[in-house]
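K.L.:
please work out how this folds:
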Amino acid sequence: MRSLILITTIILFTLSTNAQSKSTNSSSYQTALGVKVWDGGGISFKHFVNGNNALELIGYFWNKGTRVTGLYEIHGPINGATGLQWYIGPGAHIGFYNTKNGDGVFAGIDGVLGLDYKFKGAPINMSLDWQPSFEFGDNRGFYGNWGGLGIRYTF
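P.N.:
The predicted model follows:
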């Protein structure tokens with residue numbers, strides 16, 4: 001986990017010296033890169049493809065394996081709360097596990113429901129979400145414990 005945080009910090013520092021924020025006075029952003037904290041940890045890359053529609057790619061890492069998740073997120077504003085948005089959407093994942101339920105490669109479908117906040121005047125974005133998923137395969141099924149707290153640098 002420490003090496004993940006160190007690598008992400010180096011990436012964010014590099015981006016901050018090379019990239020320019022869309023607008024430092026804006027409460028919106030186009031692209032963000034950072035970490036997602038959950039039972040383990042992960043790297044999160046989020047990019048708005050048009051209007052309120054974003055794609056998020058998350059690489060989770062923990063002691064039982066790795067999971068790569070892709071999400072399509074539809075965002076909407078929360079009236080009276082500048083910079084705060086809700087989001088919802090579908091997705092899919094592939095996991096490489098070593099667990100008591102079986103070793104191997106497993107695929108599944110995901111959903112996401114969350115809140116996204118962009119700090120005004122700072123290139124920082126935070127999110128909090130729940131990502132229920134259904135995984136296909138022997139000893140697999142519904143998992144309701146995915147999601148987490150995301151902290152990202154925006155550019």
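
K.L.:
so how far is Y97 from K64?
P.N.:
K64 sits 6 Å away from Y97, going by Cβ to Cβ, to the nearest Å. Just so you know, the C-beta spots here come from the backbone N, C-alpha and C atoms, and that holds for glycine as well.

K.L.:
kindly report the same for D103.
P.N.:
D103 is 6 Å from Y97, by Cβ to Cβ.

K.L.:
repeat for L33
P.N.:
According to Cβ to Cβ, L33 stands 25 Å off from Y97.

K.L.:
re earlier: for K64 and Y97, indicate the residue with more neighbours.
P.N.:
Y97 (19 against 16; other Cβ atoms under 10 Å).

K.L.:
after the helix or strand harbouring that one, which helix or strand is next?
P.N.:
Using DSSP states H and E, Y97 maps to strand 84-99. With elements assigned by DSSP H and E, the helix or strand that comes after strand 84-99 is strand 102-118.

K.L.:
now that following strand: mean pLDDT?
P.N.:
Per-residue pLDDT values over strand 102-118 give a mean of 93.

K.L.:
determine the set of other helices and strands touching that strand.
P.N.:
Contacts defined by 3 or more Cβ pairs under 8 Å, 6 or more residues apart in numbering; DSSP states H and E place strand 102-118 against strand 65-77, strand 84-99, strand 124-130, strand 133-136, strand 147-154.
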